[in-house]
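[1] Build me a model from this:
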Amino acid sequence: MSNRRDELINLTHQFVDAFNRMSLDDVVAFFAEDGIYEDSTGGTHVGHDAIRTAFEPLVGGSRGKIRFDGEDVFIEADSGKVLASWRLNIDKDGETSVIRGIDILEFEADKLKKKMAYMKVDKPHLENT
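    Model prediction:
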């Protein structure tokens, strides 16, 4: 790739493609061994085993066929950070539902150090402080 910005865009597209192919192995492989996934409900999952367990219901197909459609992507190349908005289409038993959200992805070289997921929901999730 000609520069870090292009590389981050390409990595983000490959990561989304792994979800759309519903390849749990490929999704997990994008993360560093000590990678962190913060899910949209406040859970934190550290390392490949925990990340695999967290993504298995969605990527494993028990919730239906999934497809992420990218919307906007913002890149901070110097820090390796990507903010990507998306629409998640879930097709289960002929019924399609759509969820909108944003991911903040933090890459170190070509591996995800951290993924923070945020979704639009009917009611807010309040953190305990």
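[2] is residue 99 in a bridge, and if so with what?
    Counting by DSSP bridges, residue 99 forms beta bridges with residue 88.
[3] my read: it touches residue 118, true?
    No. Counting by C-beta atoms under 8 Å, residue 99 stays clear of residue 118, with 10.9 Å between them. (Each C-beta comes from the backbone N, C-alpha and C, glycine too.)
[4] Go through stretch 31-41 and flag the buried ones.
    31, 32, 35, 36, 37, 38, 39, 40 (16 or more other C-beta atoms under 10 Å).
[5] So what touches it?
    When contacts are defined by C-beta atoms under 8 Å, 6 or more residues apart in numbering, stretch 31-41 is touched by residues 44-48, 50-51, 54-55, 101, 108, 111-119, 121, 125.
[6] List the buried residues for stretch 75-91?
    Buried residues in stretch 75-91 (16+ other C-beta under 10 Å): 75, 80, 81, 82, 83, 84, 86, 88, 89.
[7] No further queries at this time; thank you.
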